[in-house]
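Next come a sequence and a model predicted from it.
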Amino acid sequence: MCRHIAIPQMYNMRDLGGLPTHAGHDTPYNVFWRGDSPHNGSPLLREILLEHQITTVIDVRQADECEKYPSPFVRDTDIRYIHIPLLAGRGDTLEILELRDFYVHIVDDRKHAIAAVLQTCATAPAGVYVHCQLGKDRTGIISALLLLLAGVDDATVIADYAATTHYLHALVTKLQSERPSHIPETAFVELLSAYPATMQYLISHIHTQYGGISG
């Protein structure tokens with residue numbers, strides 16, 4: 001079964017199912033999906049979510065992103081939309097140009113938001129779709145935590161994160177041509193990347209700082 005969900009105008013939508021765990025079984029399909037913002041998604045998106053029993057959408061974007069690119073599920077009667085911003089505001093990111101430090105900042109300083117997302121995932125009546133804008137950073141962190149909690153090994157979690165590079169290639173190329181002048185080119189390239197070493201750094205930090213994912 002393919003883990004990538006191909007939908008027009010969606011780039012990085014993937015199922016977290018089908019990954020091996022330490023317990024000897026695979027993570028189940030259609031429990032947690034991860035991806036980019038559905039604001040440009042085709043009408044087919046809603047149909048596919050419901051077909052696979054994905055009835056909760058968790059939007060971890062900031063308020064200004066939601067206002068500029070509103071979710072089509074805000075008033076949906078069949079899909080529960082929940083907004084849990086993973087960042088406190090724009091000031092959360094202005095001084096952080098190293099992606100790995102940004103990830104550590106979220107894990108260390110946004111614990112309440114992370115807990116709210118994970119609690120919502122744990123109590124959802126059916127499948128959950130978690131997304132940010134690109135489905136790369138904030139979504140990547142939540143996805144990594146879910147997979148680690150499920151007993152998926154570090155290398156597989158890192159590989160799942162790095163797969164974003166392939167799926168976002170066309171969009172990243174476009175974004176690079178629109179780089180804000182105040183951000184150096186090398187820093188901007190890193191901000192749009194999904195290098196394995198970035199997730200490896202975060203997982204190592206979790207082991208060192210908290211004694212592992214349970215901590």
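Yep, that arrived.

How is the residue nearest to the spatial centre of the chain classified with respect to secondary structure?
The residue lying closest to the centre of the chain (Cα atoms, centre = their mean) is residue 139, at 1.2 Å. Secondary structure, DSSP: H, G, I helix; E, B strand; the rest coil: residue 139 is helix.

Just give the number of residues close to residue 33.
If you count neighbours by other Cβ atoms under 10 Å, residue 33 ends up with 26. C-beta: built from backbone N, CA, C; applies to glycine.

Name the residues that touch the helix or strand containing it?
Element membership for residue 33 (DSSP states H and E) is strand 32-35. Strand 32-35 has contacts (Cβ atoms under 8 Å, 6 or more residues apart in numbering) with 5, 10-17, 52, 54, 121, 127-131, 135, 139-140, 142-143, 146.

So for the helix or strand just after it, mean pLDDT?
Downstream of strand 32-35, the next assigned helix or strand under DSSP H and E is helix 44-51. Regarding helix 44-51, the rounded mean pLDDT is 95.

and for helix 44-51, what are the contacting residues?
By Cβ under 8 Å, 6+ apart, the surrounding residues in contact with helix 44-51 are 5, 7-8, 10, 38, 55, 57, 72-73, 76, 78-79, 127, 129.

what pLDDT does the most far-flung residue of the chain relative to its centre get?
Taking Cα atoms, centre = their mean, the residue of the chain most remote from its mean C-alpha position is residue 181, at 26.6 Å. On pLDDT, residue 181 comes in at 75.

any idea how far the closest residue to residue 78 other than its chain neighbours lies from residue 43?
Spatially, and ignoring its direct neighbours in sequence, residue 78 is nearest to residue 50 (6.2 Å; Cβ to Cβ, 6 or more residues apart in numbering). Separation of residue 50 from residue 43 (Cβ to Cβ, to the nearest Å): 12 Å.
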